[in-house]
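> how does the following fold in three dimensions:
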Amino acid sequence: MKSARIYLGALIVLVWGLGPFYWMAVTAFRDPNYTFDNTPWPTHLTFANFRNAFDTSRGNNFGRALVNSVIIGAATTAIALLIGMLAGYALARLAFRGKRLVAGLILSASMFPVVVLVTPLFQLFTDIGWIGHYQAMIIPNISFVLPMTVYVLSSFFSELPWELEEAARIDGASRLQAFRLVMLPLAAPAVFTTAILAFIAAVNEYLLARLLSADATEPVTVAIARFVGNDPLVEPYAAIMAAGTIVTVPLVVMVLIFQRRIISGLTAGGVKS
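Presented below is the predicted three-dimensional model:
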């Protein structure tokens, strides 16, 4: 009975989590005339919705938005990882005054509501001429994903054995060399996990991107929300679902392929060596 309850609970979570994604994919492959058909399995299959998603004749530019999202997500992830690795290592390994206060401030920043920052960021970036440029979305995204990056990596670094670092220092390595050549390779699962989570968070951001981007720099979240169909009074739901499927499937596949590394990175920091 216990195993049956476990499998039932897992099934409920699976359906709850993947149900919307499944229905999005079904609608994406369904003829637009049958968009609101309630049949739970694929019917009236067509690839027209995907062609419509990339069609630029109506002012949509989904292809360019995909490239913009990759640029924004990759830049955000790279910078957040660079800063997060150094900050996480410092919080885990170094003793300095105000260490607990710094850690608390970093963690509290992750709970700060984004909507409060919309007006001041819009005013600031307008004054310095950044509205419509990539940096107007990359810099705020870094501040949003950085607390998570520091938290995950500092937890992992704190559980790595000190002896390895001390041995490298005794052999003549500086602290930076010991970090780069010894500790960082050991932290690869956590770094990989953090990179995936940071990239997904950056790609999924909408609120600030909607206000701070221009037509040439808007990411996929904004482009999909602005989709226009043949009739300006009718929402092109089928094309929107196709675009959402194109964006979501690579992320789902990536998580499924690297799930072992992700789980390893999230759990390794919680196990004592």
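> which residues touch residue 225?
Applying CB atoms under 8 Å, 6 or more residues apart in numbering, one finds that residue 225 lies in contact with 206, 210. (Each C-beta comes from the backbone N, C-alpha and C, glycine too.)
> distance of it from residue 201?
In this structure, residue 225 lies at 18 Å from residue 201, with CB to CB, to the nearest Å as the measure.
> how about residue 236: what's its closest non-neighbour residue?
If the residues on either side of it in the chain are set aside, residue 236 comes closest to residue 229, at 3.1 Å by CB to CB, 6 or more residues apart in numbering.
> which residues does the spatially most central residue of the chain contact?
Averaging the C-alpha coordinates of the chain gives a centre point, and the residue nearest to it by CA atoms, centre = their mean is residue 200 (1.6 Å). Residues in contact with residue 200, defined by CB under 8 Å, 6+ apart, are 73, 251.
> circling back: where does the residue nearest to residue 236 land in three-state SS?
Using DSSP: H, G, I helix; E, B strand; the rest coil, the secondary structure recorded for residue 229 is coil.
> pLDDT wise, what is it at?
The predicted structure scores residue 229 at 71 on the pLDDT scale.
> the closest residue to residue 121 other than its chain neighbours: neighbour count?
For residue 121, the nearest residue in space outside its immediate sequence neighbours is residue 140; the separation is 6.1 Å by CB to CB, 6+ apart. Neighbour count of residue 140, defined by other CB atoms under 10 Å: 21.
> my read is residue 133 is in a strand, agree?
No: Residue 133: not assigned to a strand; according to three-state DSSP it is coil.
> mind checking pLDDT for it?
Among the per-residue scores, residue 133 shows a pLDDT of 93.
> please apply the same query to the one 4 residues further on.
Residue-level confidence at residue 137 comes out at 93, pLDDT.
> now the host helix or strand of residue 222: mean pLDDT?
Under DSSP states H and E, the secondary-structure element containing residue 222 is helix 220-225. Taken as a whole, helix 220-225 has an average pLDDT of 91.
> buried residues, it. List them.
220, 221, 222, 223, 224 (16 or more other CB atoms under 10 Å).
> what number of residues lie near residue 41?
Counted by other CB under 10 Å, the residues lying close to residue 41 total 6.
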